[in-house]
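>>> 3D, please:
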Amino acid sequence: MKSKNALGGFTFHNRVKLIRGGKNYFESLIDLIRSAEHSIHLQMYIFDDDETGRSVLNALNEASAKGVSVFMLLDGYASQGLSRNRIAEIKLAGIKFRWFEPLLRAKHFYFGRRLHHKVIIADAARAMVGGINISNRYNDMPQETAWLDWAVFVEGEICGKLFLICQDLWNKAGWGKKKSVRYQLKPEHYFSEGSCKVRIRREDWVRRRTEISRSYIELLSSAEKEVYLMSSYFLPGRVMRKSLARAAARGVKIHVITAGKSDIVMAKNAERYLYRWLLRNKISLYEYQANILHGKISCFDSEFTTIGSYNINFLSAYASIELNLDINDGLFSLTVEQELKKIIESDCKAITETEWSKQYNLFELFLQRSSYDIIRLIFFLFTFYFKQRR
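Down below sits the predicted model:
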């Protein structure tokens, strides 16, 4: 594969560790909170008031009680299950709390951007970035295992940059809210004995930021051997499909892991509409069977990994604020590739032309096409509205 340094924007002094969702993730998250001495930024799409959410809140409260400045920014639609009383308790504990507000929202409706980040940073020196929300669904509970998802623990130079991004977003969030004091990073925040190359990639189409989409297109263009893509709601747009088709035509082996079971039926139906296109382009396709798939992680040629909140679909590309880390490290990427291979072998069903043809009747095929068209129409209207406002 071509050198990724040519893609630019990397920091060089970092250490990284792959973390699978469930018990391991939440234990690592609470350890990260407890390690903080000066500051914590937590930015999350879903924060539920359940056993998992309360365990994280307890750790944040303890951090605030010992003098750590805790900043909590949650999506105003997806986290609205937090009651007013719970939010009052959060603020009373000294945690600085804000909503990221869409233009319009109700219990079952929102219009505007989503804050889809899943990021927590301690002391601008250690962080966790991934696709895992704070909820029992993403944890290993007594009667149920966690949804499949991933995060990366990172320490070093990249964390200072993550901190500045989260600080800036905190200051801009909340209509009419005062800005917080800007914290100046000291040289020690950039120190790490690691040598892993990491860069931040962000997606916010409304603000003309399309870095994650460009990462995928650049990486597919430069891939030479093998690509593994895991996305919980896989609906690539036209440009992404062209990049996939060109890579496959060059002889690159592309493996796509999608959900077998999904929490959003329409998205799954629309996704299955694209299966015939994928198979026609000689792309290997697998459905994860063990549980709900929520992961967003991809690796290229055993050298390069991208991981974070970004799904390969219209919602992430046009309606969400997303954050991924691109990691240019052979050892880390090989670990990711091996994990995805294990999942394919043990927990996935391969989808072939024959299997796909037998599985669905004419009504189901019509439903898949209709779901795909409806989703495309929704995002055409969304993008049209924001184009007029630019």
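>>> OK, contacts around the residue nearest the centre of the chain?
Note on the chain: the residue nearest the mean C-alpha position is Ser309, at 1.0 Å, using CA atoms, centre = their mean. With contacts defined as CB atoms under 8 Å, 6 or more residues apart in numbering, Ser309 is in contact with Tyr45, His116, His117, Lys118, Gly130, Gly131, Lys296, Ser316, Ser320, Glu322, Leu323, Asn324. For every residue, glycine as well, the C-beta is placed using N, CA and C.
>>> Mind doing that once more with 10 Å?
Residues counted as contacts of Ser309 (CB atoms under 10 Å, 6 or more residues apart in numbering) are 43-45, 114-119, 129-133, 203, 212, 296, 316, 320-324.
>>> just for the stretch 251-390 of the chain, where's the confidence low?
Within the stretch 251-390 of the chain, the stretches with pLDDT under 70 are 355-363, 365-367, 369, 371-373, 375-390.
>>> Recalculate using a threshold of 90.
By pLDDT under 90, the low-scoring segments of the stretch 251-390 of the chain are 260-277, 313-319, 352-390.
>>> Likewise for the stretch 101-250 of the chain?
Those would be 101-114, 143, 172-195, 205-208, 232-233, 235, 237-238, if you go by pLDDT under 90 across the stretch 101-250 of the chain.
>>> Tell me which stretches of it form strands.
With DSSP state E, counting those that start in this stretch as the criterion, the stretch 101-250 of the chain has strands at 104-106, 109-111, 114-115, 118-122, 126-130, 150-156, 197-204, 209-210, 226-231.
>>> so what's Ser298 up against?
Counted by CB under 10 Å, 6+ apart, Ser298 has contacts 215-216, 219-220, 227-231, 255-257, 304-307, 310, 312, 324, 336, 340.
>>> which residues in the chain form helices?
For the chain, the helices defined by DSSP state H cover 23-35, 51-65, 84-92, 157-172, 211-222, 238-249, 265-273, 275-280, 314-318, 330-347, 353-359, 362-389.
>>> Specify the beta-bridge partners of the closest residue to Leu60 other than its chain neighbours.
Nearest residue to Leu60, sequence neighbours excluded (CB to CB, 6 or more residues apart in numbering): Val70, at 5.4 Å. For Val70, the beta-bridge partners under DSSP bridges are Ile40.
>>> Can you verify my assumption that Val70 contacts Gln43?
No. Between Val70 and Gln43 there is no contact, the gap being 12.0 Å when judged by CB atoms under 10 Å.
>>> Between these two, which has more neighbouring residues?
Gln43 (27 against 22; other CB atoms under 10 Å).
>>> if I read this right, the more buried one contacts Asp168, doesn't it?
No. Gln43 sits out of contact with Asp168 when judged by CB under 10 Å, with a separation of 11.3 Å.
>>> Common neighbours of these two, please.
With CB under 10 Å, 6+ apart, Gln43 and Asp168 have no common neighbours.
>>> ok so, going back, turn the strands of the stretch 101-250 of the chain into TSV, columns for distance to Arg250 and mean neighbour count.
What follows is the strands of the stretch 101-250 of the chain, written out as TSV (distance: least, CB to CB, whole Å; neighbours: other CB atoms under 10 Å):
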stretch	distance to Arg250	mean neighbour count
strand 104-106	44	12
strand 109-111	41	14
strand 114-115	35	24
strand 118-122	33	25
strand 126-130	30	25
strand 150-156	28	24
strand 197-204	24	22
strand 209-210	24	16
strand 226-231	11	24
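>>> Compare those strands and report which one is nearest to Ile33.
Nearest of those to Ile33, taken as CB to CB: strand 118-122 at 6.8 Å.
>>> Let me see the domain layout of the protein.
Using automatic domain parsing, the domain parsing of the chain gives 9-195, 202-386.
>>> what sits against Ala127?
Ala127 sits in contact with 32, 41, 119-121, 151-156, 158-163, 166, 325, where contact means CB under 10 Å, 6+ apart.
>>> Would you mind naming the residues that bridge with it?
Ala127 has these beta-bridge partners by DSSP bridges: Ile121, Val154.
>>> For Met72, see how far away it is.
15 Å (CB to CB, to the nearest Å).
>>> wait, isn't Ile321 in contact with His116?
Yes. Contact status for Ile321 versus His116: in contact at 6.0 Å, counting by CB under 10 Å.
>>> and those two? which has more neighbours close in?
His116 (28 against 23).
>>> count of neighbours near Ser195?
Considering only other CB under 10 Å, Ser195 is surrounded by 11 other residues.
>>> Could you double-check that it sits in contact with Asn328?
No. Judged on CB under 10 Å, Ser195 makes no contact with Asn328 at a distance of 11.0 Å.
>>> shared neighbours of those two, which are they?
Phe12.
>>> circling back: quick check: which of the helices of the chain is buried the most?
helix 314-318 (a mean of 22; mean count of other CB atoms under 10 Å).
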